[in-house]
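Novice: A structural model of the following input is requested.
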Amino acid sequence: MDLRRLRYFVAVAEARSVGKAAERLRMAQPPLSVQIRKLEAEIGAPLFRRGTRGMDLTEAGQALLARASEALALAADGAEAARAVASGRRGRLSVGYMFVLANAVLPRLIPELRRSIPGVDLDFAELSASTREARLLDRSVTVALCMPAINHPEIQVARIGAQPFMLAMPIRSPLARLSAVPMAKLQGRPLIALPWPDHDPASSAVAALLRRHQIVMPIASRVETVHSAMSLVLAGEGLAILPACAQLGAPRGIVFRPLRDATDSIDIAVCWRRDSQSPLIRTFLKCAEKAVAPM
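Specialist: Predicted structure coming up:
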């Protein structure tokens, strides 16, 4: 049923006059009368009868009026909801994040998002190196906070910060007594390694750091997440070269030390599908930049 015709019907019913309704609608009276007759023909029953005080509703008209008003209100609400979602004022945003960034970024990011987009429902999903790309591509997350950036032709990347590398070790390690660990001290020591970004050994920033300093560290274990790496470090299985922010989630018994003569860092990036039309990504990016700035 034509919503415009329903609007004309409600106007006539409320004004009890085609002429007055036409004035309110800012249209001529004859076209309004035509639309009312077409609506009656569509329903198959008269909706008005002329009374002593103007146009009175028939029983069919009374039945239609309540539902017509509700339908118009729902249509207006639907249009406003669509506009709100399109403008980023309402909707749902699914945020993926890597564990290494959780303690350092989420406590600042989430309040910033709540302030910036209070009408948007937020949900959060922890990602790993092996799941982050797939979760973005299958749209189960809208945007992801990653370290390092994802390199994929269908994924857009905005680099918003960086973290220096530090050495994670058990507190009982002799290296823990140093304020900064010379790169030469790492030679031959077992390394707890993380997955290669994009499954490409050449893209590993840690491997590049070791090559540049001509350091060989045999891989004791290659694990999926930073917290798994720290668990093995705590167990004495090896050392780990991790972003500085990882120390915020380190278990008791692990210490972090800077690497002397090494200024290498790893990017923090916001990633999303290139074909995403969500207006919320721009807002998320601004909030993420604010959250990462103090790091």
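Novice: going forward, measure contacts between C-alpha atoms and count neighbours the same way
Specialist: OK.
Novice: pretty sure Arg159 sits in a helix.
Specialist: No - assigned with DSSP: H, G, I helix; E, B strand; the rest coil, Arg159 falls outside any helix and is strand.
Novice: correct me if wrong: it contacts Asp267.
Specialist: Yes - the pair Arg159 and Asp267 qualifies as a contact (Cα atoms under 8 Å) at a distance of 6.6 Å.
Novice: between the two, which contacts overlap?
Specialist: Counting by Cα atoms under 8 Å, 6 or more residues apart in numbering, the contacts common to Arg159 and Asp267 are Ala149.
Novice: ok, Thr142 - contacts?
Specialist: Thr142 neighbours (Cα under 8 Å, 6+ apart): 93-96, 136, 272-273, 281.
Novice: buried ones among those?
Specialist: Buried by 16 or more other Cα atoms under 10 Å: 93, 95-96, 136, 272-273, 281, out of the contacts of Thr142.
Novice: would you list the residues you listed in JSON lines and tack on distance to Ala73?
Specialist: Listed next are these as JSON lines, based on distance: Cα to Cα, whole Å:
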{"residue": "Leu93", "distance to Ala73": "27"}
{"residue": "Val95", "distance to Ala73": "33"}
{"residue": "Gly96", "distance to Ala73": "37"}
{"residue": "Leu136", "distance to Ala73": "37"}
{"residue": "Trp272", "distance to Ala73": "36"}
{"residue": "Arg273", "distance to Ala73": "36"}
{"residue": "Ile281", "distance to Ala73": "31"}
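Novice: so which of the residues you listed belong to helices?
Specialist: The helices in this structure, assigned by DSSP state H, contain 136, 281 from these.
Novice: closest one of the buried ones among the contacts of Thr142 to Pro190?
Specialist: Among the buried ones among the contacts of Thr142, Gly96 lies closest to Pro190 (Cα to Cα), at 31.5 Å.
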